[in-house]
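Participant: Build the 3D model from these lines:
(one chain, ligands or ions: 2)
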Amino acid sequence: MSALPTTFSEPVHIAVIGGTGIESLVHDGFVPAAVLTPTTPWGAPSSPINILRTATGVPIAFLSRHGVHHELTPSEVPNLANISALRAIGVRTVLAFSAVGSLQEDIRPRDFVIPDQIIDRTKGIRPHTFFEKGIVGHVGFADPFDAGLTAIVAKTAEKLEGGAKLHVGGTVICMEGPAFSTRAESKMYRSWGGSVINMSALPESKLAREAEMAYVMVCMSTDYDCWKTDEPPVDVAVVMGNMKQNGENAKRVMVAVLEELALEQHEDLVKGRHLEGASKWANCTKPEGVTADARQRIEFLFPGYFN
Ligand SMILES: CSC[C@H]1O[C@H](OP(=O)(O)O)[C@H](O)[C@@H]1O
Ligand SMILES: Nc1ncnc2[nH]cnc12
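Facilitator: Ligands and ions are numbered 1, 2, ... in the order given. The predicted structure follows:
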């Protein structure tokens, strides 16, 4: 087999970030086109960025959140490098996948959830913003997931027959990990109205917003966490087992959504036109106050914005 190119000259507008159980898209009907190993001002991404073509020839980028061999804990994922590297190759739309615990009886293991809200239970130990250390910006995050993209993903996934049950809307609790929650915590999250729980929604989705990308997270329920007294508490074997069973459904959703996004009518959304300039206007630092170091970093992300 010939080695793949390490550069790719076309812009790539859509990225898939795979989580637990979705560490690769090779051999899934996608045609490999290139493997990129970029560096960014925030270091190297979690994994090489695989550029693949869909059946209709659209190039997409694939990144494995926890590394090729799932060697990065949720707290160690280099989210700033991941998001900035994707933006630098043209990505403006991110379809993220995540294995989650269910906090609600009616969200059964192997159901899919497309949340519309997040509650942050990370512990402040993850680097979480591009706007710091010499440049200050405050982006809006009231609705953390892109509404237009969510509608497309929901409509497309709903149309798939014989797949997993889909719940549209809900709140994902993002905890620090890597250990799972206590029963008291799990019950507290339920009392807060949490629908599902993971360790990955933040800061990934927040950085995507700062980078002016449309972002949606397809959550695949793998367990009932530990709030349910008639079930054993979650462990890795249960998560992996359900992800293995559900991998096919996840790939079907992914392929159908990518086909839909390739339609001309979605071009503006896919290119993130509705988000263009948002981070420029979120900036609070006067040009003369932006340090040379910050200018260099932010230039990688937003060429020409802060000159
Ligand atoms: C392996 S169980 C906990 C682990 O699973 C989820 O990963 P991902 O969101 O990348 O699918 C969860 O967020 C935890 O990182
Ligand atoms: N119960 C759980 N808590 C946190 N992250 C998870 N990922 C899958 N199941 C989970």
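
Participant: from here on, contacts and neighbour counts on C-alpha atoms
Facilitator: Fine.

Participant: could you give the mean pLDDT of the strand or helix carrying residue 281?
Facilitator: Following DSSP states H and E, the helix or strand that holds residue 281 is helix 278-282. On average, the pLDDT along helix 278-282 is 92.

Participant: ditto for stretch 24-42
Facilitator: The average pLDDT within stretch 24-42 is 92.

Participant: quick one, what contacts residue 70?
Facilitator: 20, 23 (C-alpha atoms under 8 Å, 6 or more residues apart in numbering).

Participant: re the thing from before, quick one: buried residues of the helix or strand just after the helix holding residue 281?
Facilitator: Note on helix 278-282: by DSSP H and E, the next helix or strand toward the C-terminus is helix 292-301. By 16 or more other C-alpha atoms under 10 Å, the buried positions in helix 292-301 come out as 294, 295, 297, 298, 301.

Participant: Determine if any part of the helix with the most length in the chain is in contact with ligand 1.
Facilitator: Secondary structure of the chain per DSSP state H: the longest helix is helix 236-261. Yes: using C-alpha under 6 Å from any ligand atom, helix 236-261 comes into contact with ligand 1 via 236, 239.

Participant: Please name every helix or strand in contact with the next helix or strand along the chain from that helix.
Facilitator: The first helix or strand that comes after helix 236-261 along the chain, using DSSP H and E, is helix 267-270. Here helix 267-270 touches no other helix or strand, going by 3 or more C-alpha pairs under 8 Å, 6 or more residues apart in numbering; DSSP states H and E.

Participant: ok, back up a step: ok, residues contacting the helix holding residue 281?
Facilitator: By C-alpha under 8 Å, 6+ apart, the residues outside helix 278-282 that reach it are 137, 138, 139, 210, 211, 212, 305, 306.

Participant: Which residues lie in contact with the first one in this structure?
Facilitator: So that's residue 137. When contacts are counted by C-alpha under 8 Å, 6+ apart, residue 137 touches 131, 279, 282, 283, 284, 285.

Participant: so which of these comes closest to residue 107?
Facilitator: Nearest to residue 107 among the contacts of residue 137 is residue 279, at 35.4 Å by C-alpha to C-alpha.

Participant: how long is stretch 287-307 end to end?
Facilitator: Across stretch 287-307, the terminal residues are separated by 7 Å (C-alpha to C-alpha, to the nearest Å).

Participant: Run through the strands of the stretch 101-250 of the chain in chain order.
Facilitator: Along the stretch 101-250 of the chain, counting by DSSP state E, counting those that start in this stretch, strands occupy 112-114, 117-121, 166-168, 171-175, 196-198, 214-223.

Participant: Top of the contacts of helix 278-282 by number of neighbours, please.
Facilitator: Per-residue neighbour counts (other C-alpha atoms under 10 Å) across these peak at residue 211, which has 27 neighbours.

Participant: That one: what's it in contact with?
Facilitator: The contact partners of residue 211, taken as C-alpha under 8 Å, 6+ apart, are 83, 84, 87, 279, 301.

Participant: could those go into a markdown table alongside distance to residue 60?
Facilitator: Formatted as a markdown table, the contacts of residue 211 follow (distance: C-alpha to C-alpha, whole Å):
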| residue | distance to residue 60 |
| --- | --- |
| 83 | 14 |
| 84 | 16 |
| 87 | 12 |
| 279 | 24 |
| 301 | 19 |
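
Participant: From those residues, pick the one nearest residue 32.
Facilitator: Set against residue 32, the nearest of those by C-alpha to C-alpha is residue 87 (19.9 Å).

Participant: Could you see whether ligand 1 lies near the helix or strand in which the closest one is found?
Facilitator: Per DSSP H and E: residue 87 is located in helix 79-88. No: figure legend: helix 79-88 not in contact with ligand 1 (C-alpha under 6 Å from any ligand atom); closest approach 11.8 Å.

Participant: Please identify the helix or strand for the residue minimising distance to the centre of the chain.
Facilitator: Geometric centre of the chain, nearest residue: residue 96, 3.3 Å, by C-alpha atoms, centre = their mean. In the assignment (DSSP H and E), residue 96 maps to strand 93-102.

Participant: Next, the angle from that strand to helix 79-88.
Facilitator: 150 degrees (axes from the mean of the first three to the mean of the last three C-alpha atoms, to 10 degrees).

Participant: Offset the numbering so it begins at 14, please.
Facilitator: Understood, numbering begins at 14; the last thing we discussed is strand 106-115.
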